[in-house]
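Q: quick one: sequence and predicted model below, then my questions.
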Amino acid sequence: MSASSAALAGAAAFTWLGMVLAISFLEAPLKFRAPGVTVPLGLGIGRLVFRALNIAEAVLAVAVVVAVATGSPTDAVTVLTAAVVVVLAVQLIAVRPALNRRSDRVLAGEDLPRSRAHHAYIALELLKTAGLVALGVTTLAAAV
């Protein structure tokens, strides 16, 4: 893999990782602990924040894919790239719509328990986080 392609892919992967860590593992759980934040208010904020995060993730995923595709990647880089992109796609196509339907119901006044889709999203975030760490390290190691 060329040094410049590897450096770009690594930078994009670590930027993506930082955003996931900051939003999914810091902002999301902490907002519900802030004084005066109700569940409907927290859900409204969360939907807005995660929509923005997912758009940024999609842009970074494209940047990683382009950098990897133009750089004669190793098999490990190719597999890791595919893995994080597939996890993101599953989140966006399968899990987020279910979460949005559930939050619509809560915002309409229903009192619902935590959904399985929420647990699935968290599990996928953990997988994506591990994949992004591995991808960033692997691509940057190829850059030197």
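A: Sure, I can see it. This structure is a prediction, so every number in the text was calculated from the model and none was measured.
Q: from here on, contacts and neighbour counts on C-alpha atoms
A: Will do.
Q: distance of the residue lying closest to Phe50 once chain neighbours are set aside from Ile122?
A: Closest residue to Phe50 apart from its sequence neighbours, by Cα to Cα, 6 or more residues apart in numbering: Ile23 at 7.8 Å. In this structure, Ile23 and Ile122 are separated by 12 Å, where distance is defined by Cα to Cα, to the nearest Å.
Q: and Val77, what element?
A: Here Val77, judged by DSSP states H and E, is contained in helix 75-90.
Q: send the alpha carbons of that helix over as CSV?
A: The C-alpha coordinates for helix 75-90 follow below in CSV (Å, rounded to 0.1, in the frame of the first residue of the first chain):
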residue,chain,number,x,y,z
ASP,A,75,-5.4,-8.4,2.5
ALA,A,76,-5.7,-7.4,6.2
VAL,A,77,-6.5,-3.8,5.3
THR,A,78,-9.0,-4.9,2.7
VAL,A,79,-10.8,-7.2,5.2
LEU,A,80,-10.8,-4.6,7.9
THR,A,81,-12.1,-1.9,5.6
ALA,A,82,-14.9,-4.2,4.4
ALA,A,83,-15.7,-5.2,8.0
VAL,A,84,-16.2,-1.6,9.3
VAL,A,85,-18.1,-0.6,6.2
VAL,A,86,-20.5,-3.6,6.5
VAL,A,87,-21.0,-2.9,10.2
LEU,A,88,-21.9,0.8,9.4
ALA,A,89,-24.2,-0.4,6.6
VAL,A,90,-26.0,-2.8,9.0
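Q: give me the mean pLDDT for that helix.
A: Average pLDDT, helix 75-90: 97.
Q: the residue of the chain most remote from its centre in helix, strand or coil?
A: Using Cα atoms, centre = their mean, the residue of the chain lying farthest from its centre is Gly109. It sits 28.5 Å away. Of the three states, Gly109 takes coil according to DSSP: H, G, I helix; E, B strand; the rest coil.
Q: got the phi and psi for it?
A: phi 110, psi 0 (degrees, to the nearest 10).
Q: distance of it from Val85?
A: Distance from Gly109 to Val85, by Cα to Cα: 35 Å.
Q: beyond the helix or strand hosting Asp104, next helix or strand please.
A: Using DSSP H and E, Asp104 maps to helix 96-107. Following helix 96-107 in sequence order, the next helix or strand is helix 116-143 (DSSP H and E).
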